[in-house]
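J.: Make a model of this:
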Amino acid sequence: MSKLSKLLAAPLAAVLLVGGYAATSSASSAKDAELGVSLGVTDTSVVGEATVSLSQDEVMATSQAELKKLRGAMFDKNVKFDGKALQSVVAENGMNKQQYLDAVVWDSALEKVAVQRAFEQTIAKGHTRPDGSKSKTATLDGRDAGFEILASGTSMDVKGAIDLWASEEKDLAAAEGKWTSDTAHLHNLLNPKSRAQAFALVAGADRTFVAGQFYFDGNADAKPAGLNGDYKLSSVVNVNANEITSVANSNLAVGESTKMVVSAGNLTLRVKEFASSAPEIAKVDSATGEVTGVAAGEATITATLADGTTTESTFTIGGTKSVNKDLGKATLTTTAGEGLKAGDEVGFSVKLDDQSITPTLKCEYAADGTTFEAVECDAKLKIAVDGSKLRVTVAADGYQPKQLGHTFAFIEKVDASGTKTKEPKADAVPEAGATESAAPNAYVKPSAAQTSATQPVASESATQPSVETPAAEASETSAEETPSAALSESPAASPAESETSAVETEKVTEKNTESVAPSPTETSKVPEAKVVLNKSEIFPGESVMANGSGFVPGEKIEVEFHSTPVRLGTVTAEEDGTFVAEVKTPKAAQAGEHNIVFKAKDATLELPITVNAVTKASSTATPIAAPKGLPRTGGPVGVGIIAVVAVGACAIAFGARNAARRGDL
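T.: Okay, here's the model as predicted:
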């Protein structure tokens, strides 16, 4: 297969899930963008939806600055434009240099068109929309873009797109500044008649897309559309009936419900109607697709799209609905008191506010690996070592289990006579789902001084083999392809390792208490949590492998990407306190220094990571008919697309002559 992926129609599948959409995990919380851009929807149009993350205020600021910089540089070079010196062309249009730089004004209506078109690129690349119509049909309040330019790459950003379009400078000089298939993008950006403008950036499955929209008048409102956050966007798509498949059987208990969602690629398709073959066994809401088990047996649920295509799934209903209620407030109390030392027997008990529930306990004592069951809500254990951990899982039939925990830590004290004693340290740490208690030593949240570590204190590195980042796909224009440079390889990676420090001890005298450095005999040891990354340099959206150790077994560790915090997910420590996880960084990460942060209960580890800038991408420009007397801009419209439903599919090659000359597909 070529380096350029072929755009294929994805199989249509009925996806079963409880609540939310198949497109992304955050779809249920996404806002409806309400762009108002014409989709060309008819009674028989199939509409697909997906959730995307937008940062349009940032796109506006960057594009405005970069476009002014580009125009200023070309004005100073006095490049040829339509056969004349650019400075003279600007003067003919009644502007000086500063007026020329300020002439292109952001327009919120064009911004919404740009967002829609960038989103549509994730479905079908090129100047033909996913339903096969021309890009000019993407209108808002009857207004369409005078011309459109597009760019895409595996790690594209707005600056990279403008730099890519600007790379046509040599071709522009060779063409005496005239519009050709090799100069279309730069010619459009420099055109003094281009007044209103807007850009948008949307990330697809494996590429990021930038769309630029321009108009030949000065009626721009100079306002952002305010599109920042997660939004649900829509597009009309073509679906081939021969590619419809159905999912495997779904098992439901009587009384249970789930939602049937029809999807294609990364799109959730709007369904005209859902129907059940046996409503007495499994009923379905005809509008929402919510399926509910009624009686034991089998039923087929059929989803019909607006164009008449169908897909179905068979449901097997049996048994009774399982109950999964909340246990309510649970409290773990220990009998640890003054003078506690290793080997002492300590009692603990669990209390539920709802005393009508009779729970069972599964207890894990981390110090010696002991696991034991307790029917009653109290038990005893011997404290083996300083830092011993107790984890108690509280369960009851028909209820969601709840996990509680307690850490037994000792502190060494020295009195005025020099006598050393060990006393318990009040730092019981509740596990996930635990609640606090007013009882002594029960769920006292540790202070900063009591916590083993909350910040990373050391970094180490080791040389690793160089990591090669896949190059972005070849560039493209609507008529003939533009040249593009290969992505540079990332340099040899150095994994960053972050680890926690030891706990300080307290030295007590008759007159004061002071903090002293740990010594071999006076230090209270805690496990040293650490994480190692296999890379120290990445490109946006690239994954790194993280190896962690020294964590509490079963502990959930939050993973975030900083400077601006972005939650990446959670990992769970294994029984030995280790984990291995693939961490995928945000596609929209800006070039520069960042941190991948691992947040555990007793430590927050920040690992430095460098995000490299992208050096290769692809772009396309389209010709839209210009007003009378103005030059045509962009390139010829591309080929039609059939059954385009795969998000982030790939490049369509235009212009066989230049493609062959440059060696692109």
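J.: Pretty sure Ile609 sits against Leu533.
T.: Yes. In this structure Ile609 lies within contact range of Leu533 using CB atoms under 8 Å: 7.0 Å. The C-beta positions use only the backbone N, C-alpha and C, and glycine is treated the same way.
J.: Tell me the predicted confidence for the closest residue to Leu86 other than its chain neighbours.
T.: Excluding the flanking residues, the one nearest Leu86 by CB to CB, 6 or more residues apart in numbering is Val79, at 5.2 Å. Here, the pLDDT recorded for Val79 equals 96.
J.: And Val79, how close does it get to Ser194?
T.: Counting by CB to CB, to the nearest Å, the separation of Val79 from Ser194 is 16 Å.
J.: With Ala166 instead?
T.: 15 Å.
J.: and if you look at Asp163?
T.: 18 Å.
J.: So for those two, which residue has more residues nearby?
T.: Neighbour totals were compared for Asp163 and Ser194, and Ser194 leads with 23 against 17 (other CB atoms under 10 Å).
J.: if I read this right, the residue nearest to Leu86 contacts Gly177, doesn't it?
T.: Yes. If you go by CB under 8 Å, Val79 and Gly177 touch, sitting 6.5 Å apart.
J.: More neighbours: which of the two?
T.: Neighbours per residue (other CB under 10 Å) separate Val79 from Gly177, with Gly177 holding more: 20 against 17.
J.: Across the sheet, point out what pairs with the nearest residue to the more buried one once chain neighbours are set aside.
T.: Distances taken as CB to CB, 6+ apart place Lys80 nearest to Gly177, at 3.3 Å, with adjacent residues excluded. The partner list for Lys80 in beta bridges (DSSP bridges) reads Ala85.
J.: For Lys80, list the residues it contacts.
T.: By CB atoms under 8 Å, 6 or more residues apart in numbering, the residues touching Lys80 are Leu86, Leu172, Ala173, Glu176, Gly177.
J.: Nearest to Val59, out of those: which one, please.
T.: Leu172 (25.2 Å; CB to CB).
J.: quick one: the helices in this structure?
T.: 56-77, 86-92, 97-102, 108-121, 158-166, 169-174, 184-190, 656-662 (DSSP state H).
J.: avg pLDDT for the last one?
T.: Within the predicted structure, the mean pLDDT of helix 656-662 is 28.
J.: what's the closest of the helices of the chain to Leu227?
T.: helix 56-77 (4.2 Å).
J.: could you give the angle of that closest one to helix 158-166?
T.: 30 degrees (axes from the mean of the first three to the mean of the last three CA atoms, to 10 degrees).
J.: Would you mind measuring from Phe348 to Ser388?
T.: Applying CB to CB to Phe348 and Ser388 gives a distance of 12 Å.
J.: how about Thr570, what does it touch?
T.: Contacts of Thr570 by CB under 8 Å, 6+ apart are Lys556, Ile557, Glu558, Val559.
J.: mind running it again at 6 Å?
T.: For Thr570, the contacting residues are Lys556, Glu558, by CB atoms under 6 Å, 6 or more residues apart in numbering.
J.: again with Leu110
T.: Ala196, Ala198, Gln213.
J.: Quick check: can you list the domain ranges of the chain?
T.: 31-234, 241-318, 330-408, 530-611 (the TED database).
J.: any idea of the mean pLDDT in the shortest one?
T.: Domain 241-318 carries an average pLDDT of 85.
J.: Ok, the last one next?
T.: Averaging pLDDT along domain 530-611 gives 89.
J.: One more: the third one?
T.: Confidence over domain 330-408, taken as the mean pLDDT, stands at 75.
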